[in-house]
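Visitor: with the input below, show me the fold.
(chains A and B)
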Amino acid sequence: MKYQVRHMTRYCYSAPVTQAHSMAHLLPRETATQNCLKSELLVKPYSATSSRHTDYFGNNVCHVTVQSTHREMEVTALTTIEKSPPEQNLNLEIGNSIRNAKQQLGQANSIDTMLAREFVLDSPMVKASLALADYAAPCFSEDRPLLSAVRALTRKIFDEFTFDPKFSSIATPLDDVMKHRRGVCQDFAHLTIGCLRALGFPARYVSGYLETLPPEGQEKLVGADASHAWLAVYSPGEGWVDFDPTNDQLAGEQHITTAWGRDYSDVAPLKGIVFGGGDSQSMEVEVDVTCLDS
Amino acid sequence: MYGEDGNVREHWNYLLDSLQSLGPEAIRDRHKKAQRILRDDGATYNDYSDAASSKRWELDPIPLLLDSDEWSQIESALLQRADLLNLVLKDIYGPRDLIKYGVLPPEVLFSHPGFLRACHGVTLPGDHQLITYAADIIQTKDGDMRVICDRTQAPSGAGYSLENRMVMSRVFPSLYRDSHVHRLAPFFQSLRRTLSHLSPGNELPRVVVLTPGSRNETYFEHAYLATYLGYPLVQGQDLTVRDGYVWMKALNGLQRVDVILRRQDDYFCDPVELKGDSQLGVPGLLDVARSGNVAIANPLGSGALENPALMKYLPKISEHFFGHELRAKSVDCWWCGDTDDRDYVLKNIDKLVIKPTFRHPGLRTVFGPELTPDERDIVRKKINDNPARFTAQVIEVSSSAPAWDRQQLVPRPTVLRSFAVVSDSSYLVLPGGLTRVGGDEASLDISSRAGAVSKDTWVIASEPERIVSLWDDKVATDRLAQRADMPSRVMENLFWVGRHAERAEGALRLLRTVFIQLNGVRLPQQTHLMLLRAVTHLTATYPGFTANDQALMSDPEQELRSVIIDGQRPGSVASSLLAMLTSAEQVKEALSVDTQRIINDLRDNLSEMEEALDSGLTSAPEEALDPTVTSLLAFAGLAEESMVREFGWHFMQLGRRLERALQLASIMRAMLVPLVPESEEGSILESTLLSVETLNIYRRRYYGQMNLVGAFELLLMDRNNPRSLIFQLERVRKHLDALPGAETTTGLSRECQLILEATTNLQLANLQELATPEGDEGIRSRLDQLLSRTQRLVTETGIVTSDRFFDHTKGPQLLINSNWDHEL
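Guide: Okay, here's the model as predicted:
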């Protein structure tokens, strides 16, 4: 499948900004199942300069600098991407058991496992807690395959939490999400990650997009026409597998990955610093995901 | 100092004999002299928790002696450790083989907040990433050297060592000369050379020292090193990122910065990629470093090595990289993230020092033996809750060295901080270092933070050394490139030093006049009232004496006292002095050593004045104010006599002249504008002249005859009177003319126009008319108009100048939706 993604962010300031430095995680990375055909960042004012590099996690990062006085900044990422279907017939019910996974995580004999252990630790926005461990524990009996347990956890979250765009802001603490049982895709991703880490499993945050068009007769998927977020869990020997708790499914061909990190803070689409700008800023975001095959 | 046979080691003999023959009295004197020099140099170690106080740097007059055997043990240990940590630094921000191959548990690295993922792949040119390194070392009772901590972020102390050495060589000149002590200069020469070589391609690199500012505990050292090395001292706000490079905001525009010697913690250095709400940072800095357009030493991210848990794994890491064991041994340590280690620590807590693996609010180093059983339980609980956060070390008691305790030598445990810097393809160790002495024989925590006294460290050379100067030819050339470069923030502070100094001085002179009159002859009623009102006007401490409060006027003591010593009250003498001292502290490196001494005097004057006035004004004669006036005069004199006529001097003098013009206008408006009964005209005029230092010349000229026009001439128009208004205005113009852009093809700058207008108004005035009252309000309204117009123009000149030359950009703010950035 071939997709085109347009992600536009516009900042308006109440007073002139003399200088802006920002950093964007907006251009998708390449993965085993996705290939970028075209990927560019357009910035207004036109005097802006940008540079690219690959970050610690292997994501594409653009640094955007505006040095002329401006009251408005617009950053648009345009991407054409080719996705191939994920590995066929992933049967979650046969695979590494939780007991095995735990034991293998403790051993130092695989490079992937050693590096994955970073994602068991607390990160700026996701801190493991007893409450999270308790919430997830019923899904994680020792003999169950790890991936099956994770799938059960994401279903539990899907069933017990309400998707509510009005409830959440970027920095909604997990405690609040737990208490009110509502949130958006970021919150559910963070929540699942927190549960997994609390039980000692590596989990990372994935940012990206989801195709809009639902197959005939089915409900439209939530998170369309906005940036989306889900998570991946690491199972020793099986590698990283992506789950989308917001939509109660494994991430599939329609999930376009932009970047991953420990949590949202590692891969925020756009962050930065301005000089000036007055007391109020406003931000507008537009996202279009179009399938080019149809 | 003792050998295995229990006897004093040979290299101590000369020192001990010399001290013996000097006798306690003489040593005490030398110690005092040392303290005086340190005070004069402004050597301090600030206490973060108390913003107002800065602790004086303490130096024990007895140096620590190391012979070549002891030294070579330390030196080789430090070299090996620096090499090893350099490899670790390269690895953790590069391939991370140590993690991949299980040499270092992932949690040790990844849970440490000093590991800055944004710094991955950012490298300095050359083989070395760790440019400077320091380690705290103790000598055990068995004579072995053990490292107790590594400093890799922005090691402090080398500057203090240098200061200690300067002081010692002045206090014990012959002892020092005859002891054949290794010199420190080559280390700093190497530092300079290495920093120059890091520069991305520029032939005459500009190197700056980045400091978090005067509140930092080791700010003295930042300023001291910057001066010694000849680099500008900058704060984050002095730097800006443009066109992919880093620039310093100097008076005549942006100056490119090639190399940054960093004394600020990395986490605070760039709000775009690191701590988002840091106001100390330079937005975009890390990306410039990433592209190789600026070199930062030590590189951002090097704080990750200051991880006590890492010490446990260094032997294994040494095996991995070198294939042999680590000779530079650390004290035994345990990381609680490891289950066996944790169990050991929990059982042996009373014998161990427990350190936080990383700085975290509410966590500090604790010494097991000093804890009560309850406290130990609390620590155990904390460890169990979050084991990876804690590292424990065995408490090694270091061997003792003689220290001076008021009248005798006493044995005290010591810790040596030793320094290494990259030198060509290897490291060079500072022969000496910063020794800290425990407060008593059983001290466990021996650190500057805990208030430990320092010692100079003498490495005794086996033969006399060749003298090397800091300046070699190459260095002299790059010094040229640094000429006259200072951030404009420094200029702004000097401007305010000048203004506040003059404000304090002017107020003191008037107050002194008031005291003389209060304590001496009873003044005519009107004069008395007007003088008091003038105090309020001059200091702008309204309503004060302008409130027409009868009680206040007849008993002015308390109000006068407050106008002098209430530091909280804007306009008071104390508040002006404090503001001046604060500005001066910001630009320590731009002031001479003599100036520093006067700054110290002023600080003392302030507290003495407070004491003197505490017992009431009547018993405190006007002399109570004299020492402060004298110090301020000395300060002004020094600026005149020993400051190079660079921009900084012009700004300081500009501030002074603007302020003096404003004060003169203010006093004259208060005293000479209102009409008074003829009987009081004389005393009013005399008081006015006295308070602006013009009475004597007036008396000489007019033989004590009342001559208002003559007095006006002296106060307003006399070019030869350094206290006259015209003198101030003309000087202001002179200083403005010396600044960039005073006159361009399009005409005079705005500030020059303003001052020209003020000067012209004054010159066009007719003294006779000014002296003549007009209208029926009972005032000299022409004089009032002239003076108030002058005040307005002069004030405006100050504002326009400040807007044009100084950077008033508001601090950086975060783009919305970026404010998730909280610490772990």
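Visitor: settle this for me: B:His222 is touching B:Arg262, isn't it.
Guide: No - with contact defined as C-beta atoms under 8 Å, B:His222 does not reach B:Arg262; the gap is 10.4 Å. C-beta coordinates here come from the backbone N, C-alpha and C atoms, glycine included.
Visitor: can you pull out the helices in the stretch 101-250 of chain A?
Guide: Secondary structure of the stretch 101-250 of chain A by DSSP state H, counting those that start in this stretch: the helices cover A:111-116, A:130-136, A:146-160, A:174-180, A:185-198.
Visitor: now, of those, which is deepest in the fold?
Guide: Across the helices of the stretch 101-250 of chain A, averaging neighbours per residue (mean count of other C-beta atoms under 10 Å in any protein chain shown) puts helix A:185-198 on top, at a mean of 27.
Visitor: what's the least confident stretch among the helices of the stretch 101-250 of chain A?
Guide: When the helices of the stretch 101-250 of chain A are compared on mean pLDDT, helix A:174-180 scores lowest, with a mean of 88.
Visitor: if we can go back for a sec, can you lay out the helices of the stretch 101-250 of chain A as CSV showing distance to chain B?
Guide: Output for these, formatted as CSV (distance: least, C-beta to the nearest C-beta, whole Å):
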stretch, distance to chain B
helix A:111-116, 4
helix A:130-136, 11
helix A:146-160, 19
helix A:174-180, 13
helix A:185-198, 10
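Visitor: now tabulate those in TSV and tack on distance to B:Pro674.
Guide: Below are the helices of the stretch 101-250 of chain A laid out as TSV (distance: least, C-beta to C-beta, whole Å):
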stretch	distance to B:Pro674
helix A:111-116	84
helix A:130-136	77
helix A:146-160	82
helix A:174-180	68
helix A:185-198	72
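Visitor: which among those helices is found nearest to B:Tyr344?
Guide: Taking C-beta to C-beta, helix A:111-116 is the member of the helices of the stretch 101-250 of chain A nearest to B:Tyr344, at 24.7 Å.
Visitor: about what we covered before: B:His222 and B:Arg262 - which one has more neighbours?
Guide: B:His222 (27 against 22; other C-beta atoms under 10 Å in any protein chain shown).
Visitor: where's that one, which helix or strand?
Guide: helix B:219-229 (DSSP states H and E).
Visitor: next SSE downstream of that helix?
Guide: strand B:233-234.
Visitor: who does that next one pair up with?
Guide: strand B:207-210 (parallel) (DSSP bridges).
Visitor: ok, residue 231 - how many residues close by?
Guide: Using chain A here. A:Leu231, neighbours per other C-beta under 10 Å, totals 29.
Visitor: the intended chain is chain B.
Guide: For B:Tyr231, using other C-beta under 10 Å, the count is 23.
Visitor: give me the low-pLDDT residue ranges for chain A?
Guide: A:88-89, A:168-171, A:212-215, A:218-224, A:294 (pLDDT under 70).
Visitor: once you drop chain neighbours, what's closest to whatever residue of it ends up closest to chain B?
Guide: Shortest chain A-to-chain B distance, computed as C-beta to the nearest C-beta: residue-wise this is A:Ala108, at 3.1 Å. Setting aside the residues directly before and after it, A:Ala108 is nearest to B:Gly102 in space (C-beta to C-beta, 6 or more residues apart in numbering or on different chains), at 3.1 Å.
Visitor: and if you look at A:Ser22?
Guide: A:Gly272 (2.7 Å).
Visitor: that's a strand at the one you found, yeah?
Guide: Yes - membership of A:Gly272 in a strand is supported by DSSP: H, G, I helix; E, B strand; the rest coil.
Visitor: wait, doesn't it sit right on A:His25?
Guide: No - look at A:Gly272 against A:His25 with C-beta under 8 Å: they stay out of range, at 11.8 Å.
Visitor: between these two, which has more neighbouring residues?
Guide: More neighbours surround A:Gly272 than the other of A:Gly272 and A:His25, with 27 against 24 (other C-beta under 10 Å).
Visitor: what about the residue nearest to A:Ala108, how many residues nearby?
Guide: Applying other C-beta under 10 Å, we find 18 other residues in the vicinity of B:Gly102.
Visitor: how much space between it and A:Leu115?
Guide: Separation of B:Gly102 from A:Leu115 (C-beta to C-beta, to the nearest Å) stands at 11 Å.
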